[in-house]
Structures are given as C-alpha cells and as structure tokens.
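# Quick one: sequence and predicted model below, then my questions.
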Amino acid sequence: MAISLKKVIATVVAGAAALVAVSASADVVLPSTGNGELVLFVRNDVTGDVYARGLGVQLDTVLSQASIASGAYSAPSEAVPYVLPTMGPDANLTSFLGTAGTFSWTIMGGDPTGAVALGDKRYVTTTPTNLTDGTTVSIAQVSSNFNNLNQMLIAVNNALPDASGSSTVVNGQWRQAGATPGSGGGDWFSASLNNVNDIGSSANFYMLTTAVGSGTQTVRVYEFADVKLGADGTLSASPVPVPSSQMAAGSGTPVSPASAVVAAPPEPNRDSHLFICRSFENAQSENCRRFVGSTRRWLGLCLASHRYV
C-alpha cells in the first residue's frame with residue numbers, strides 16, 4: 001500500500017500542533033494528576049480580590065510518595081531539607097500589591113489520588129500555626145475536605161491565561177467571597193487548619209500525608225524551610241529544618257558536635273540565612289524552639305552548631 005508523503009507530513013504537523021495546544025493550555029497542574037503544582041494565592045483583604053499563580057514546582061519535587069514510603073519518620077513531625085526557590089513577583093502581582101489594602105497569602109498544592117495508605121494523599125500548605133508537635137488534621141479530612149482544592153484550581157485555571165506560569169487577579173478563588181468551594185479555602189475547607197499568613201511575615205511550610213491507620217488517625221507532618229512573601233511580592237525561604245537523621249536514634253538528642261554541624265544554606269543568600277541558633281546565648285528564643293522542635297533537640301543543636309558563622 002502506497003503511503004503519501006504529503007499525508008505523513010500533514011499527520012506529523014497535526015500531531016505537533018496538538019502537543020503545542022496541550023502545553024499552551026497547561027495552566028496550573030491539578031492535584032488530580034497525582035503530582036499537583038504549588039500555587040501562590042494573595043488576597044486583598046479590603047477589596048476581596050484574589051491573585052493566583054502556579055509556581056512551576058510540583059509535589060514530587062518537594063517530597064515524593066516513594067520517598068515517604070521508604071524514608072524515616074520520627075513522630076510527631078519530620079524535618080526535611082527542602083528549600084523553595086526564591087521567586088520574584090510578576091507584573092500582575094506587583095500591580096496587585098500596589099493597590100490600596102492589606103494583604104494575606106498562602107501556598108497550596110495537593111495529590112488526592114491513591115488509596116488511604118502511607119503517603120498516597122499529600123498536601124502542602126503554609127500556615128502561621130506551628131505543627132512541629134503534630135496536628136489535629138485527620139486522615140479522613142485529607143481524604144475529603146482537602147479534595148476541594150482540585151475543584152478550586154479548576155476554577156482558577158478557567159481564569160488563567162493559557163500559558164504555563166501565568167497569573168490572574170480575577171477569580172483567584174482562595175477565600176473569595178461567593179466562590180464555591182474557594183471561599184472556604186482559608187481553613188482547608190473546614191478542616192480547621194488555618195493557612196492565612198500576613199504579607200511580610202514568614203510562614204511554616206509543611207506537607208501533610210496519609211499514614212497507615214483509620215480515618216480518625218492524624219496525618220503525618222513533614223516540615224520544610226519556612227517561606228516568606230515580602231511586601232514587594234518576592235517569595236523566599238528561611239533556614240532549612242534539621243532532619244531527624246542528625247539526632248541520636250530514639251533519644252531526641254543530637255549526635256556529637258563533630259558530626260552535627262549544620263550545613264550552610266545555599267548561595268547566593270547565605271548571609272541572610274544565618275542559622276538562628278548560632279550561639280548558646282540566643283538559644284532560648286521562641287524562633288529557635290520553633291525551628292528545631294523539642295527542647296532537647298533545639299538546645300543540643302544550638303550547642304553543636306557553634307561553628308556555624
């Protein structure tokens with residue numbers, strides 16, 4: 001059977017066009033894909049307008065299900081040395097923050113797929129609430145309430161221009177009055193986890209995941225470097241949490257100082273990310289306790305990291 005070269009070329013061109021069309025319409029990667037994209041939301045609390053933008057970072061980059069299943073976990077939370085890259089504002093955010101009002105913000109992302117098993121369902125969130133000592137959020141809630149994120153992001157995608165990394169200042173949905181389910185996004189859709197952060201302030205940054213157990217059991221908490229949205233719209237990270245692998249097994253006590261020196265944060269912002277526990281004198285600050293976790297951990301690590309300057 002003869003095959004027309006013209007038909008082959010036409011087919012290839014049509015296929016390429018289809019791929020371009022798919023890429024062009026890929027706004028925010030939805031949680032329902034199993035590897036959702038992190039989304040920044042900023043709300044003008046005077047006007048009620050909401051800005052939304054996909055950050056181009058997906059859940060597997062932060063912490064994959066496979067890593068959760070095979071990695072260590074020391075309850076009630078596990079510190080993971082992930083640092084969200086610094087990101088400047090786009091033109092929409094600069095303009096949005098230039099209007100009159102007061103502003104709040106959050107980051108949300110999710111993966112609702114799979115069964116209720118270890119790490120199958122994953123959600124990232126910023127929050128002013130310290131979850132180092134655990135959370136009341138249950139497996140049942142991340143399997144139900146949290147699922148509303150997907151529907152909210154479908155509505156956000158309808159408002160976004162058809163380009164990856166684009167943003168919108170219209171129908172950003174998070175805590176948007178009259179939006180369903182977006183209006184309830186400030187507490188993860190009635191799951192009682194506050195994710196509303198004041199602009200200019202640092203927020204705790206966590207991943208909540210399902211564990212092995214019943215629906216009433218609380219979720220696992222993985223802690224990452226704190227994140228801050230500056231008044232100019234710049235998103236940046238704070239020092240990296242100290243993994244429990246640097247602690248003596250089962251004791252909550254740091255290993256010897258020689259092996260417990262905390263690594264410097266990545267360039268180029270090393271000077272702005274000096275480890276908060278650089279001396280014993282300031283070891284008793286609230287930030288130090290919150291950064292490391294339990295009393296024994298923060299005191300020991302502050303002493304062990306005296307060489308960090």
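Great, that's in hand.

# what about the strands in the protein?
Along the chain, counting by DSSP state E, strands occupy 37-44, 50-58, 78-79, 103-111, 122-127, 167-168, 197-198, 202-209, 220-229, 235-237.

# Please tabulate the ones you listed in a markdown table, including the columns mean neighbour count, mean pLDDT and distance to Thr135.
All C-beta spots, glycine's among them, are computed from the backbone N, C-alpha and C. Converted to a markdown table, the strands of the chain look like this (neighbours: other C-beta atoms under 10 Å; pLDDT from 0 to 100; distance: least, C-beta to C-beta, whole Å):
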| stretch | mean neighbour count | mean pLDDT | distance to Thr135 |
| --- | --- | --- | --- |
| strand 37-44 | 25 | 98 | 19 |
| strand 50-58 | 22 | 97 | 23 |
| strand 78-79 | 22 | 96 | 13 |
| strand 103-111 | 24 | 98 | 16 |
| strand 122-127 | 26 | 98 | 9 |
| strand 167-168 | 22 | 95 | 30 |
| strand 197-198 | 18 | 98 | 17 |
| strand 202-209 | 24 | 98 | 7 |
| strand 220-229 | 23 | 97 | 6 |
| strand 235-237 | 20 | 97 | 21 |
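
# Please tell me I have it right and Asn35 contacts Val57.
No. Asn35 is not in contact with Val57 according to C-beta atoms under 8 Å; the separation is 10.6 Å.

# Contacts only, for Gly215.
116, 138-140, 143 (C-beta atoms under 8 Å, 6 or more residues apart in numbering).

# Dump those into JSON lines; add neighbour count and pLDDT as well.
Below are the contacts of Gly215 laid out as JSON lines (neighbours: other C-beta atoms under 10 Å; pLDDT from 0 to 100):
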{"residue": "Val116", "neighbour count": "17", "pLDDT": "83"}
{"residue": "Ser138", "neighbour count": "19", "pLDDT": "95"}
{"residue": "Ile139", "neighbour count": "24", "pLDDT": "94"}
{"residue": "Ala140", "neighbour count": "16", "pLDDT": "94"}
{"residue": "Ser143", "neighbour count": "17", "pLDDT": "94"}
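
# quick one: which of the residues you listed is nearest to Met87?
Minimum distance to Met87 across the contacts of Gly215 is 30.7 Å, recorded for Ser143 (C-beta to C-beta).

# The closest one touches Val116, doesn't it?
Yes. Using C-beta under 8 Å, Ser143 is in contact with Val116, at 5.8 Å.

# can you list residues touching both of these two?
210, 215.

# And the helices in the chain, which stretches?
According to DSSP state H, the chain carries its helices in the segments 5-24, 59-62, 65-70, 91-97, 139-142, 148-159, 257-260, 286-292, 295-304.

# Give the buried residues for the fourth one.
Just to be clear, that refers to helix 91-97. By neighbour count on 16 or more other C-beta atoms under 10 Å, the buried set for helix 91-97 is 92-93, 96-97.

# any idea of the mean pLDDT for it?
Per-region confidence: helix 91-97 scores 97 on mean pLDDT.

# pull the CA atoms of it into PDB?
Extracted in PDB, the C-alpha atoms of helix 91-97 (Å, rounded to 0.1, in the frame of the first residue of the first chain):
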ATOM      1  CA  ALA A  91       3.900  42.200  36.700                       C
ATOM      2  CA  ASN A  92       0.400  41.200  37.800                       C
ATOM      3  CA  LEU A  93       1.500  40.700  41.400                       C
ATOM      4  CA  THR A  94       3.500  44.000  41.500                       C
ATOM      5  CA  SER A  95       0.400  45.800  40.300                       C
ATOM      6  CA  PHE A  96      -1.900  43.900  42.600                       C
ATOM      7  CA  LEU A  97       0.200  44.800  45.700                       C
END
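
# Tell me which other helices or strands it touches.
The contact analysis (3 or more C-beta pairs under 8 Å, 6 or more residues apart in numbering; DSSP states H and E) places helix 91-97 against strand 37-44, strand 50-58, strand 167-168.

# Go through the ones you listed and name the closest to Asn197.
strand 37-44 (9.9 Å).

# Strand partners (parallel or antiparallel) of that closest one?
Strand 37-44 has the following strand partners under DSSP bridges: strand 50-58 (antiparallel), strand 103-111 (antiparallel).

# Let me see the contact set for Asn44.
Asn44 neighbours (C-beta under 8 Å, 6+ apart): 50, 96, 99, 101-103.
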